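# The amino acid sequence is not available; the structure is as follows:
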């Protein structure tokens, strides 16, 4: 049986560093794993007033999350925190209270930044939020990709061999993590 990894990008930009990195990462999953892209861009902002009659985009997104066996977040850092689109998606799929579709899905995060810190802030804030949502997150290796603009070639691929190996090791660890739960 195939295991499905839901890929969530924290950036909506068409050619984002997160998307470029995620495209490289999905190539590293072994046979028996498939990836699906969970889209966040059309989700209306969460509002508890709509819990009883949710917008169809919320319902469709919740079903997509349910269909994934695990979740891989690939995200930039916005002001030392989670991008709003990502926080909105976390809220939509965890509400109304008691209907959290993230519950128990193993997760991991790849933090992307053009700066040197590598998105450390988003990693920490995301881990705090996902702990409450009962998304057991891979704790090691942590994946912070700083100076991402220096790691990508003109076609969007990662040309740095040390980073390629780091990503392979990360995916291998994540696959082991997922197999403990699924």
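On my side now, so go ahead. None of these values were measured; they are calculated from a predicted model.

# Which helix or strand contains the residue lying closest to residue 147 once chain neighbours are set aside?
Nearest residue to residue 147, sequence neighbours excluded (Cβ to Cβ, 6 or more residues apart in numbering): residue 116, at 6.1 Å. Every residue, glycine included, has its C-beta placed from N, CA and C. Per DSSP states H and E, residue 116 falls between elements, in no helix or strand.

# Correct me if wrong: residue 116 contacts residue 148.
No - using Cβ atoms under 8 Å, residue 116 is not in contact with residue 148, being 10.6 Å away.

# tell me the contacts of the residue found closest to residue 15 once you drop the neighbours it is linked to in the chain?
Using Cβ to Cβ, 6+ apart and skipping residues adjacent in sequence, the residue nearest residue 15 is residue 156, 7.4 Å away. Contact partners of residue 156, counting by Cβ atoms under 8 Å, 6 or more residues apart in numbering, are 15, 20, 23.

# What score does residue 156 have for pLDDT?
On the pLDDT scale, residue 156 is placed at 81.

# so how far is residue 121 from the closest residue to residue 94 other than its chain neighbours?
Spatial nearest neighbour of residue 94, excluding adjacent residues (Cβ to Cβ, 6+ apart): residue 100 at 4.4 Å. Applying Cβ to Cβ, to the nearest Å, the value for residue 100 to residue 121 is 24 Å.

# could you check the distance from residue 172 over to residue 165?
Relative to residue 165, residue 172 is positioned 10 Å away (Cβ to Cβ).

# neighbour-wise, which of those two wins?
Per other Cβ atoms under 10 Å, whichever of residue 172 and residue 165 has more neighbours is residue 172, with 14 against 10.

# quick check, the more buried one in a strand?
No - under DSSP: H, G, I helix; E, B strand; the rest coil, residue 172 falls outside any strand and is assigned helix.

# Just say helix, strand or coil for the spatially most central residue of the chain.
In the chain, the centroid-proximal residue (Cα atoms, centre = their mean) is residue 73; its distance is 1.1 Å. With three-state DSSP as the basis, residue 73 sits in strand.

# So it sits against residue 106, correct?
No - counting by Cβ under 8 Å, residue 73 does not reach residue 106; the two are 11.9 Å apart.

# ok, and for stretch 30-49, which residues are buried?
Neighbour counts over stretch 30-49 (16 or more other Cβ atoms under 10 Å) mark 33, 35, 38, 39, 40, 43, 46 as buried.

# who's in contact with it?
By Cβ under 8 Å, 6+ apart, the residues outside stretch 30-49 that reach it are 2-9, 12, 26, 29, 50, 55, 57-58, 61, 64-65, 67-68, 71-72, 85-86, 88-89, 91-92, 95-96, 175, 178.
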